[in-house]
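Undergrad: My questions concern the predicted model and sequence given below.
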Amino acid sequence: PVKIARGCAVWPATRRWREEKFWSTGALGQRFVPVETDYWMEEGFNIMQLKDFIQHCKVPSKSSNPSKGGYLAQHALFD
C-alpha cells in the first residue's frame with residue numbers, strides 16, 4: 001500500500017462533505033432516508049428527511065429528550 005499525504009486535498013468533496021450545510025440544505029436535505037436506531041432492529045426503522053436526521057443526531061445527551069443516535073439504513077444517497 002501507498003499513502004500520499006494530502007493527495008485528495010484539492011478535491012472539493014473533502015471540504016464540502018464536512019459541512020453540515022451540504023447535507024441539510026437543497027435537494028439532498030429533502031431526501032427521505034430510512035434510519036435505524038438500534039442494532040438488532042427491535043425498534044425497526046424510521047423514515048425521515050436527511051436534514052431532520054442530522055438535527056436528531058445533534059440533540060445533546062444531557063437534554064430532557066436525548067437522541068438515540070441512529071444510522072442510515074443501507075441507502076444510496078446519490079442516486
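TA: Ah, there it is. Numbering: from 1, shown residues only.
Undergrad: From here on, just use CA atoms for contacts and neighbour counts.
TA: Noted.
Undergrad: Kindly list the main-chain dihedrals of residue 56?
TA: The phi/psi pair for residue 56 (degrees, to the nearest 10) reads phi -60, psi -40.
Undergrad: does it really touch residue 69, like I thought?
TA: Yes. Residue 56 sits in contact with residue 69 when judged by C-alpha atoms under 8 Å, with a separation of 7.2 Å.
Undergrad: Okay, the residue nearest to residue 28 when sequence neighbours are not counted and residue 8: tell me how far apart.
TA: Nearest residue to residue 28 in three dimensions, chain neighbours excluded: residue 50, at 7.2 Å (C-alpha to C-alpha, 6 or more residues apart in numbering). Distance of residue 50 to residue 8, computed by C-alpha to C-alpha, to the nearest Å: 26 Å.
Undergrad: Please apply the same query to residue 36.
TA: Counting by C-alpha to C-alpha, the gap from residue 36 to residue 8 is 31 Å.
Undergrad: Which residue of those two possesses the greater neighbour count?
TA: Per other C-alpha atoms under 10 Å, whichever of residue 36 and residue 8 has more neighbours is residue 36, with 21 against 10.
Undergrad: Check the more buried one and give its pLDDT.
TA: For residue 36, the model assigns a pLDDT of 83.
Undergrad: Who's the closest spatial neighbour of it, skipping the chain neighbours?
TA: residue 45 (4.4 Å).
Undergrad: need the contact list for the nearest residue to residue 38 once chain neighbours are set aside.
TA: Nearest non-adjacent residue to residue 38, counting by C-alpha to C-alpha, 6+ apart: residue 70, 6.8 Å away. Taking C-alpha atoms under 8 Å, 6 or more residues apart in numbering, we find residue 70 in contact with 35-38, 57.
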